[in-house]
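Asks: Let me see the structure of the following:
(one chain, ligands or ions: 1)
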Amino acid sequence: MADVTIRNLSKHYGAVEVMSDIDLDIRSGEFVVFVGPSGCGKSTLLRMISGLEEESGGSIEIDGRDVTGVEPSERGVAMVFQSYALYPHLTVAENIGFSLSLARVPKDEMRRKIEEAANILQLGPLLERKPKHLSGGQRQRVAIGRAIVRDPKVFLFDEPLSNLDAALRTQMRLELGELHQRLNTTMIYVTHDQVEAMTMADRIVVLNGGRIEQVGTPTELYRAPRSPFVAGFIGSPKMNLFEGPVAEAEGAEVLGLRPEHIVVDATGPWSGDVRLIEHLGAEAIAHVDTPEAGRVIIRLDGEAEVRTGDHVRLTPRPDRMHRFRAGQRLA
Ligand SMILES: Nc1ncnc2c1ncn2[C@@H]1O[C@H](COP(=O)(O)OP(=O)(O)OP(=O)(O)O)[C@@H](O)[C@H]1O
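Replies: Okay, the predicted model is just below:
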């Protein structure tokens with residue numbers, strides 16, 4: 001368990017600054033997810049916390065100790081990579097225990113730690129297998145086991161589920177959530193997938209262009225996105241964003257409505273043609289062309305009697321309207 005405190009952190013490669021002004025307080029035991037589009041800097045930030053990437057400016061504290069410039073192995077962190085990075089010639093047990101054998105941990109203790117990790121991750125029966133005889137999900141568990149035996153103060157995950165199929169990803173999300181509850185250790189997790197962020201995080205850090213856009217719980221980001229960028233990035237399907245009124249001095253407003261806040265209603269003020277419906281079972285997503293607001297996406301009950309080609313009337317819920325100006329949320 002450890003706090004992670006980041007102050008004024010920056011990173012440049014030569015003359016190119018890819019990250020700046022990063023201030024972040026991660027609390028002990030929190031599950032924090034860094035999310036953002038490709039190239040926003042989430043891996044760079046994680047790698048700076050791990051020590052794999054050198055900080056260009058600012059500081060990082062882990063558990064009250066300034067680790068800026070400290071070697072990765074001395075920071076008390078363990079990282080799990082997307083690629084698993086397992087040794088093909090070693091068994092599951094040897095892979096999990098690799099760092100312990102390097103550290104010359106006594107055999108008994110090593111065996112106990114490997115078994116403990118294997119139990120948590122349900123790898124017990126597979127300990128003597130080589131990685132090539134494991135499924136993708138099992139390999140990822142071995143990579144996590146290797147992190148667990150190191151007893152880190154902070155776990156760092158870099159897109160660990162990206163190579164798994166959709167069903168397995170969902171299952172591993174749950175398993176990681178349970179692992180976090182069980183170990184109660186600070187975990188920092190990088191993903192470009194906002195669904196992963198929403199389902200797993202205690203708090204989400206949204207990054208954009210090397211800066212933090214917003215930090216908050218999934219509900220906070222969903223209910224009160226601070227910028228049109230966060231509004232469009234968090235939530236699936238995306239929030240509908242429209243051009244709003246233009247005030248002479250302040251410029252144009254951007255208005256936003258979530259798909260569930262535009263409802264089909266025979267007396268609604270908007271009208272539109274349904275161009276496409278995506279049926280998801282319990283709900284359906286309709287894409288509707290309206291003269292009033294252009295193409296809007298709405299969320300329907302799965303049993304709603306709406307079909308492609310239908311003409312519908314819609315009511316936007318004014319109480320759920322988000323308003324932004326100059327990239328910032330208006331009260
Ligand atoms: N060694 C490097 N030299 C120059 N620029 C780099 C280097 N490594 C990363 N960058 C740049 O830094 C920025 C952040 O990269 P980073 O890998 O952290 O993004 P990311 O958000 O993790 O993206 P992705 O989801 O695609 O992995 C990018 O613009 C990238 O091109």
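
Asks: List the buried residues of stretch 206-214.
Replies: Neighbour counts over stretch 206-214 (16 or more other CB atoms under 10 Å) mark 206-208, 210, 212-214 as buried. In this view, the C-beta of every residue, glycine as well, is placed from N, C-alpha and C.

Asks: TSV for these, including pLDDT, secondary structure and distance to Glu30?
Replies: Converted to TSV, these look like this (pLDDT from 0 to 100; DSSP: H, G, I helix; E, B strand; the rest coil; distance: CB to CB, whole Å):
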residue	pLDDT	secondary structure	distance to Glu30
Val206	97	strand	16
Leu207	97	strand	17
Asn208	96	strand	21
Gly210	96	coil	23
Ile212	97	strand	16
Glu213	96	strand	19
Gln214	97	strand	16
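
Asks: Would you mind naming the residues that bridge with the nearest residue to His180 once chain neighbours are set aside?
Replies: The shortest distance from His180 to any non-neighbouring residue, by CB to CB, 6 or more residues apart in numbering, is to Phe31 (5.1 Å). Beta bridges link Phe31 to Met187 when assigned by DSSP bridges.

Asks: show me the contacts for Phe31.
Replies: Residues near Phe31 by CB atoms under 8 Å, 6 or more residues apart in numbering: 177, 180, 187, 189, 200-203.

Asks: same check, this time on Ala286
Replies: 274, 276-278, 297-298, 300, 306.

Asks: Tell me which of the contacts of Phe31 fall in strands.
Replies: The strands, defined by DSSP state E, take in 187, 189, 203 from these.

Asks: how near is the first one to Asp202?
Replies: Just to be clear, that refers to Met187. Look at Met187 and Asp202: by CB to CB, to the nearest Å, they are 9 Å apart.

Asks: Go through stretch 300-315 and flag the buried ones.
Replies: Buried residues in stretch 300-315, counted by 16+ other CB under 10 Å: 300, 312, 314.

Asks: Regarding the second one, what is its secondary structure?
Replies: Which is Val312. Secondary structure, DSSP: H, G, I helix; E, B strand; the rest coil: Val312 is strand.

Asks: That one against His287, yeah?
Replies: No - using CB atoms under 8 Å, Val312 is not in contact with His287, being 11.6 Å away.

Asks: can you tell me which residues contact the nearest residue to Ala247 once chain neighbours are set aside?
Replies: Leaving aside its chain neighbours, Ala247 sits nearest to Glu253 (7.5 Å; criterion: CB to CB, 6+ apart). The contact partners of Glu253, by CB under 8 Å, 6+ apart, come to 243-247, 323-325, 330.

Asks: And those residues, which of them are buried?
Replies: Buried, going by 16+ other CB under 10 Å: 244, 324-325, out of the contacts of Glu253.

Asks: Among these, which one sits closest to the ligand?
Replies: Of all the buried ones among the contacts of Glu253, the ligand sits closest to Phe324, with 23.4 Å by CB to the nearest ligand atom.
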